[in-house]
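[1] Build the 3D model from these lines:
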Amino acid sequence: MGSIDSPLNETGREQARALGREAAGRGLAALYTSHLARARDTAAIVGDAVGLEPVVDERLAESNRGRWEGRLVDDIRREEPEAWDAWMRADGAFQFPEGESLAAHCRRVAAALRDARAGPLPALVVCHGGSIRCAFAERHADGLASFHELAVPNATLMELPG
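    Okay, here's the model as predicted:
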């Protein structure tokens, strides 16, 4: 979905309620979220469960995927195979056609997480699959080459090392 701003559906709201129940006993001191509606809605539900008001940080948003947004993956693979292969290599030079580079996405996520670490801890960050992959890739020995290795299920607590 990239930067398309879509709200949660009922399945997403139920996933957010389950996440809130899971997060409730963790003594969270801060809650941050992307500005995109699906993350903001999730964070509001979780915030109610943990007694925190989400702080919106646009740097946590999913990448701007340019002309790929709103298209089916199978169509992109078929119509733009070279660009798709470059995306699957996920190196710092990759840029979505008419969109954001992977390196720029990862830099802004890293900056947002540095700021979150400087605040009250422990903190929960509600964001998007690509943003989560950026955060984990920054700490992985293979860097961005590990980007596609991480499975990121919806509304799951994932502890970021270090």
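
[2] check contacts around the spatially most central residue of the chain.
    Centre of the chain computed as the mean C-alpha position; nearest residue by CA atoms, centre = their mean is residue 128, 2.2 Å away. With contacts defined as CB atoms under 8 Å, 6 or more residues apart in numbering, the neighbours of residue 128 are 34, 36, 38-39, 60-62. C-betas here are computed from N, CA, C, even on glycine.

[3] Only whichever of those residues are buried, select them in PyMOL.
    When burial is assessed using 16 or more other CB atoms under 10 Å, the buried subset of the contacts of residue 128 is captured in PyMOL by this command:
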select buried, resi 34+36+38+39+60+61+62
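
[4] May I ask which two of the contacts of residue 128 are separated the most?
    Checked with CB to CB, the contacts of residue 128 reach their widest spread between 38 and 60, with 12.0 Å between them.

[5] Contacts only, for residue 134.
    For residue 134, the contacting residues are 102, 105-106, 109-110, 147, by CB under 8 Å, 6+ apart.

[6] Among those, name the buried ones.
    Of the members of those, the ones counted as buried by neighbours, 16+ other CB under 10 Å, are 102, 105-106, 109-110, 147.

[7] Output those residues in JSON lines; the columns should cover secondary structure, pLDDT and distance to residue 27.
    Putting the buried ones among the contacts of residue 134 into JSON lines (DSSP: H, G, I helix; E, B strand; the rest coil; pLDDT from 0 to 100; distance: CB to CB, whole Å) gives the following:
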{"residue": "102", "secondary structure": "helix", "pLDDT": "94", "distance to residue 27": "34"}
{"residue": "105", "secondary structure": "helix", "pLDDT": "96", "distance to residue 27": "30"}
{"residue": "106", "secondary structure": "helix", "pLDDT": "95", "distance to residue 27": "29"}
{"residue": "109", "secondary structure": "helix", "pLDDT": "97", "distance to residue 27": "24"}
{"residue": "110", "secondary structure": "helix", "pLDDT": "97", "distance to residue 27": "25"}
{"residue": "147", "secondary structure": "helix", "pLDDT": "92", "distance to residue 27": "31"}
